[in-house]
Each structure stands twice: as C-alpha cells, then as structure tokens.
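Chemist: Give me coordinates for this.
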Amino acid sequence: FTKIANDMSKKRFCSSTITAFLYCAILLKICSVDVEAFIPGLYKNSQRHVNWKQKNHYATSKMTSTQLSSQSYPENWKEQVLSQLSTVIDPDLGMDIVSLNFIKQLEIDEDNKVSFQVELTTPACPIKQEFQDDCTKLVQSLDFVSNVQVEMTSQPVTIRETEATGMSKVGSIIAVSSCKGGVGKSTTAVNLAFALSKMGAKVGIFDTDVYGPSLPTMVIPDSEDIQFVGTQIAPLQHNGVKLMSFGFVNEGSAVMRGPMVTQLLDQFLGLTHWGDVDYLILDMPPGTGDIQLTLSQKLNITAAVIVTTPQKLSFVDVERGIEMFDSVNVPCIAVVENMAYYEQQTVQNAIDPGKLLEKFKNKLQSDEQLNGAGPSMEEQAAELVKIVEQAQKESGGEVDKVSLFGAGHKHKLSEQWGIEHTFSMPLLSNIAKNGDSGIPFIEEHPDGSHAKTYLELAGAVASEVAKIKFGNNGGNARPSIVYNEEQNVIEVNDTSNDDAYIFTPKELRAECKCASCVEEMTGRQILVKSSVSDLVRPREMNPTGNYAVSVNWSDGHRSLYPYKQIRALRAAQREETIQLQAEEALQQ
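Modeler: Numbers count the residues shown, from 1 in each chain. Model (predicted):
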C-alpha cells in the first residue's frame, strides 16, 4: 500500500495503479487500520491527486464487506449468460441465437444488471416478443443476476447490387403477382405492406402497373407535394409507408406500346429514391410477359407472393406464374386465394334491421326525455340497431363459409409445389370499400379476424425471406439430390437432420403428384405405380427455388418433388424398415 501511495505522490501511476490503491485502502479499513495514520500527510501538498479524506471517504468508511459481495459476479459471467441464451432457437434458421451471432453489446453493471441486444434478421420478426420473453426469463434465472434488460434490434440493411441506384438500401424486394387481372392482387399488396409496417418494418410499395395503376385510388398520400433527394424523386408517404406509382405523376393509365413501358419503368427505377427500406412490395402488372421478366431480372427480386381465386382458370395461371418466377430463380413463398368464400350469418330468429330501425324511431319520438340537447333521433336509432345486431351475433348463430367459386386449390398448391403458406380471404364488402376509400383495410379494421390473416401473411413473408437470405444452415438447408448413374440410385444428403439415403428411380417416379398422376379434385391415384418401368431414369435434376427439385424422366414425364415430400418418403421408408425388422424378430 505504501509503495503504491508513494508512486502516486511522484505522479508515477495509471488507472490500474489507482484501482489497486483503492482496493488496498478498502481492505485496510475493513481490517480496522487507520489509513491516514498509516501514511500521514501523503496528499496534503498535492492538489492534482485524489483527496482521500473528502472524495473517497465513503469507500473506506461506508462500504461494508456485505456491500462488496452484493456487487460481485463470477468471472465467467459472460459464458454463463451465453450458455443460457444458446437454448433459444430461431425456428426459421434452425440454429440458436448465440451461434447466429444475434447477441450484441452484452454488459453487466455494478448492480449486477445484465443488458444486451438481440439483433434479429428483420424488424418484422413474427416471434420477436417470444424471443424477448425467453431471453429475459433465461438470464434472470442465473443466481448472480439482479435484473435483465433486453433490447430487440434488427440487422442493418446492406447495400444491394442493383441497376436501380435508388434501391441500393432496400433490404428485400417482394413481388406480388397474379398473372391474371381482377383477382385482388393490388388489395393484397397494399394490405401486406401495411401489415409489415405494423409489425415494425420500414416498407415501401411500388405500383409497377403502368397500364392500370391502382395505388393512387387505394392509398391516399399524407401529402401530394413532390420532394427531391438530389436528382431523384422521394416517394410519397402514408403513415410511414412509402408510395410510388405512375398514377401519382400522370393521371389515368398509360396508352403506349411494350418497349415504351419498359423504358418508362426504367426511368421510375432510376429516378425514385427509396432510401432505407426493409421491404419493398412490388405490385406487379398481370401476366407473365416481357415486363414481368424484365422487372424480375433487373431488380434482383427476393421472393414472390402469388394471388389467385378459387376457379380452376386462375389456378392454371398460378402454375404459369410459379414457373415464370422459377425461370428467373425467384422462389414463390406464399399464395393468397381471394374471394375464397362468403361469410353468411346463420341465426334462427333473424331480424329485419329496417323494421327494427322504424320501431326505434317511433319509440324515441314519443319519449319526452329526448327533447333536450344530445344526439339526434336518427343517430340514436342507428346506434340501437347496431347494439341489437351485435347482441344477436354474440348470443347465437354461426358463420357459414359459402364457397361461391368452388373449393379452391390450396391443398394442391401445397402438395404439388411445396408452397406451405396458403391463405384464404373471403368476399368481404369492407375490403372492397376500403380499396375505394384510400384507407387500407388493415388500418381501418386492425383488430378484426381478416386483418389477422394479413398479419399472418406478413409474418410468413418475413420468415421465408429470412430463410432465403440467412438460412443455408440448420433445419432449413435444402437437401442435396443427385443421380448416381453407376449404381442407378438417387442419392439424398439431407443436412437438416444429418441423414443420407437413396431411392431407386422407379420408386421416385411412382410418387409423382402432378395432375397427370393424381386426380386434382379427389386425390385418386391415376398412375398405376406397378406400371412404372424398371428402366426409367432421370435425365435432368434441378432445384426449383428453395422448396422443390424438378426431374425430367426418360419416359418423357416431368415431375416436381417438394423437399417435404422427399422427407416424408424417407420417413415412410424408415417405418417400413422398422416394421420388417420387428416381423423378423417375431419369426426368430
């Protein structure tokens, strides 16, 4: 202690010296040693050094051994905290959040309060709150932790490689396509954008339909004043969502030939400054032609959402749309089936709102208490009708879903193309009404069951985009599927569960689920599996997006096998093996 004190008096010290000095002084005080008597007059002539008696008296006289122990924590506290957090698994990426390097700025203060950030792949993560709750609970369970502060953040948007300079800071581009007009594509695009915004993401909508722009009708900007960022145009905005459409700069639709439209879109792409955006929703023009292909190639689209209706004619176009996006390596991650059903309220004793309104008017008119100030008679009558109708809905009756245009094709899409996320939206008057009013449906009815469907769609989009951008690991890595010509087997190496297995070409060919092999509406097997030739061979095998493998067979047939179907076949293969082993054991 004297050595350190003398060094300090001679100005030979650093921060570590001061720390050692204070610890020595504290220990001496705890042992009832008079520090000032031990080194009398050491600091009396030095104004630049710490005045022990005035500034640090609390450290030696007020701090007890109990207080010291309350501020202590293990040297390996970081390892313990990270060990706890490593049990939190990201379901999209199939790995724990520590291995994914999501934990940032991990700190502990003198009160043993642990704080850190969880940096997710997207601010619109659908299970963000679950992550925060799990992290808080796990770290709080450590004995030495007094409190936990978890801040949820997201990875910053990286600079994109794109020909459109105004899109360089756009995180992900989602194309909403229908391949056929009049199926509610623009409605879906708008409500998807505002659902993502509601989940915390920075979002923009780009209406690329020059022939019939819909965005100016469906969303009214907060201000129609055009602003510039350098030589580029800043998008208009509505409640934080950025908007751009040909209709904002030119009233009505364009009357021009295809090459002119392509040039016009190029100008829009180059002149619009989107800034920092997590998701840019492209409201694509209907069809699968030159404009759609050009946009897909130039913008480096991350993923696509397909919009359709239950009719078979729309389903055929969905197939074309999926194939178009597959040709430019854009995975289709969700399908929305609009006008899927009509909700019909079934009540045994239904009332006539018109007659009920008239009765209330007569009753209120005769009531002398209504003569004073307050709502008008008509307003009160209308309110009473709403009360009765709401009470009737709550007291009895169920909602029947009437399929006006058939049962739809969601199951077929999931089975044939491996698209797991399929959503049905009803034929609802409020959705059409909001589309004409300039206020998105999800904004005016944020708590309704149908708004929940749009939020589920947004959550599915956010999850699938995270898998595409960050998920070549864990449970989401697609299996490697190759044909071993020498042994005449199809080899599958599935890294998601460290499994390797084989199929014969005949086995895989017999499991084709296309419309030629399985009846679409009933699921009846058309292909007789025993009729498949032993000589059939795969001529070509290619991945289709992130969800399936396409096989061209030697018999002229083309099959598409979703990876989940491949894994299901493997599971059936295992069950069959276990069953055979059990039968052999019984025979022995």
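Chemist: hey, let's count contacts and neighbours off CA atoms from now on
Modeler: Fine.
Chemist: give me every residue that touches Gly240.
Modeler: Ser197, Lys202, Val203 (C-alpha atoms under 8 Å, 6 or more residues apart in numbering).
Chemist: Do I have it right that Pro286 meets Ser177?
Modeler: Yes. At 6.7 Å, Pro286 counts as touching Ser177 under the criterion of C-alpha atoms under 8 Å.
Chemist: between those two, who's got more neighbours?
Modeler: The residue with more neighbours, out of Pro286 and Ser177, is Ser177; 31 against 20, by other C-alpha atoms under 10 Å.
Chemist: What pLDDT does the model give that one?
Modeler: pLDDT, Ser177: 91.
Chemist: Now do the same contact list for it.
Modeler: Counting by C-alpha under 8 Å, 6+ apart, Ser177 makes contact with Lys185, Asp283, Met284, Pro285, Pro286, Ala304, Val305, Ile306, Val307, Gly321.
Chemist: Output the longest helix belonging to the chain.
Modeler: Once the chain is assigned using DSSP state H, the helix that runs over the most residues is helix 563-587.
Chemist: Contacts for it next, please.
Modeler: Glu415, Gly418, Arg478, Pro479, Tyr501, Tyr547, Ala548, Val549.
Chemist: Mind doing that once more with 7 Å?
Modeler: Counting contacts by C-alpha atoms under 7 Å, 6 or more residues apart in numbering, the residues outside helix 563-587 that touch it are Tyr547, Ala548.
Chemist: avg pLDDT for that helix?
Modeler: 88.
Chemist: Which positions in it come out as buried?
Modeler: Judged by neighbour count using 16 or more other C-alpha atoms under 10 Å, the buried positions of helix 563-587 are Tyr563, Lys564, Gln565, Ile566, Leu569, Arg570.
Chemist: Any chance of those in TSV with distance to Ser327 as columns?
Modeler: Converted to TSV, the buried residues of helix 563-587 look like this (distance: C-alpha to C-alpha, whole Å):
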residue	distance to Ser327
Tyr563	19
Lys564	22
Gln565	22
Ile566	22
Leu569	27
Arg570	28
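Chemist: out of the residues you listed, who's nearest Ala432?
Modeler: For these, the residue nearest Ala432 by C-alpha to C-alpha is Lys564; the value is 36.5 Å.
Chemist: What separation is there between His421 and Val183?
Modeler: 18 Å (C-alpha to C-alpha, to the nearest Å).
Chemist: can you tell me how far Leu384 sits from Ile578?
Modeler: Relative to Ile578, and taking C-alpha to C-alpha, Leu384 is found at 67 Å.
Chemist: Quick check, central residue of this protein?
Modeler: Nearest to the mean C-alpha position of the chain, counting by C-alpha atoms, centre = their mean, stands Ala462 at 1.9 Å.
Chemist: so what's Leu455 up against?
Modeler: Contacts for Leu455 were tallied using C-alpha under 7 Å, 6+ apart; they are Ala195.
Chemist: just checking, the residue nearest to the centre of the chain is part of a strand?
Modeler: No. Counting by DSSP: H, G, I helix; E, B strand; the rest coil, Ala462 is not part of a strand but helix.
Chemist: any idea whether Ile205 is helix, strand or coil?
Modeler: The three-state label given to Ile205 by three-state DSSP is strand.
Chemist: what about it, how many neighbours?
Modeler: Ile205 has 27 neighbours, counted by other C-alpha under 10 Å.
Chemist: Roughly how far does it sit from Glu323?
Modeler: Counting by C-alpha to C-alpha, the gap from Ile205 to Glu323 is 24 Å.
Chemist: same deal with Gln573?
Modeler: Applying C-alpha to C-alpha, one obtains 30 Å for the distance of Gln573 from Glu323.
Chemist: swap in Ala175?
Modeler: Distance of Ala175 to Glu323, given as C-alpha to C-alpha: 14 Å.
Chemist: Between the two, which is the more surrounded one?
Modeler: Relative neighbour count places Ala175 above the other of Ala175 and Glu323, with 25 against 17, counting by other C-alpha under 10 Å.
Chemist: which residues touch that one?
Modeler: Ile281, Leu282, Asp283, Met284, Ile301, Ala303, Ala304, Val305.
Chemist: and it, what element?
Modeler: strand 170-177 (DSSP states H and E).
Chemist: Dump that strand to PDB, restricted to CA.
Modeler: Extracted in PDB, the C-alpha atoms of strand 170-177 (Å, rounded to 0.1, in the frame of the first residue of the first chain):
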ATOM      1  CA  VAL A 170     -33.700  -1.800 -50.000                       C
ATOM      2  CA  GLY A 171     -33.400  -4.900 -47.900                       C
ATOM      3  CA  SER A 172     -35.800  -7.300 -49.600                       C
ATOM      4  CA  ILE A 173     -38.000  -6.900 -52.700                       C
ATOM      5  CA  ILE A 174     -41.200  -8.900 -52.600                       C
ATOM      6  CA  ALA A 175     -43.200  -9.300 -55.900                       C
ATOM      7  CA  VAL A 176     -47.000  -9.600 -55.500                       C
ATOM      8  CA  SER A 177     -48.200 -11.200 -58.800                       C
END
